[in-house]
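Chemist: Would you be able to build a 3D model of this:
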Amino acid sequence: MTANFEETSVSRNAKRTYEQIEDIETFEAAISAFTADSTMNLTKRELSSAAYKIRIDYFDAAGEDKGYLNFYAADKTAYNDMASLLTGTEAAETAAGVGGSASRDSTEDTWSTKYSCAIGDDTFYVTITREYMLISGFSKDETLAAVEAWADGIEALGGTA
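Modeler: A predicted model of the protein is given here:
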């Protein structure tokens, strides 16, 4: 006899896109608002992952593009420290082998956090990035409504605060 799978839940995803968040401080303020919120009635909110990427472009003495470096950090502090180190020291520029200068292209920076969450027995993930917010794995309309109502109050996340 062959065992059959039985559906145990319905998993849904919802994505909200918004204007790119301009700076790390605004992004961090949105994350802080999420972690401090009590209106969603989250019974679980645990950071699953975080990634902060900075891009540094290298130019030779004639100003010609010679390459770039992407650096990934786990938090804002390491992100800021590495930005200062890679763009502000002759040693870093020399190590790149270009003999010119380093320039930060902050439009290429990305930031992302992912939280494992629950409202009652509905477990799901919330991912907040520089350009979108994703709710994944939820099953109840009430979950989507709670997270959406919260995000509607955060201007950086496409809300009307």
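Chemist: Name the residues linked to residue 136 by a beta bridge.
Modeler: residue 13, residue 125 (DSSP bridges).
Chemist: One more: residue 46?
Modeler: Under the criterion used (DSSP bridges), residue 46 bridges to residue 116.
Chemist: Please look at it and residue 118 and confirm they touch.
Modeler: No. Contact criterion C-beta atoms under 8 Å: residue 46 and residue 118 do not qualify, at 9.4 Å. C-beta: built from backbone N, CA, C; applies to glycine.
Chemist: Settle it for me: which of these two has more neighbours?
Modeler: residue 118 (16 against 10; other C-beta atoms under 10 Å).
Chemist: Skipping adjacent residues, who's closest to the more buried one in space?
Modeler: Counting by C-beta to C-beta, 6 or more residues apart in numbering, residue 44 is the residue found nearest to residue 118 once chain neighbours are left out, at 3.8 Å.
Chemist: Do a quick rundown of the helices in this structure.
Modeler: 24-36, 76-88, 90-95, 141-151 (DSSP state H).
Chemist: quick one: contacts for the residue nearest to residue 118?
Modeler: 116-118, 123 (C-beta atoms under 8 Å, 6 or more residues apart in numbering).
Chemist: Would you mind checking those for buried ones?
Modeler: Buried members of those, scored by 16 or more other C-beta atoms under 10 Å, are 117-118, 123.
Chemist: show me where pLDDT drops low in the protein?
Modeler: 88-100, 161 (pLDDT under 70).
Chemist: returning to what we had before: format the buried ones among the contacts of residue 44 as TSV; extra columns: distance to residue 28.
Modeler: Shown next, in TSV, are these (distance: C-beta to C-beta, whole Å):
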residue	distance to residue 28
117	19
118	24
123	26
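Chemist: quick check: domain ranges of the chain?
Modeler: 12-49+111-157, 51-108 (automatic domain parsing).
Chemist: Go ahead and flag the most central residue of this protein.
Modeler: Centrality entry for the chain: nearest residue to the mean C-alpha point is residue 112, 1.3 Å, by C-alpha atoms, centre = their mean.
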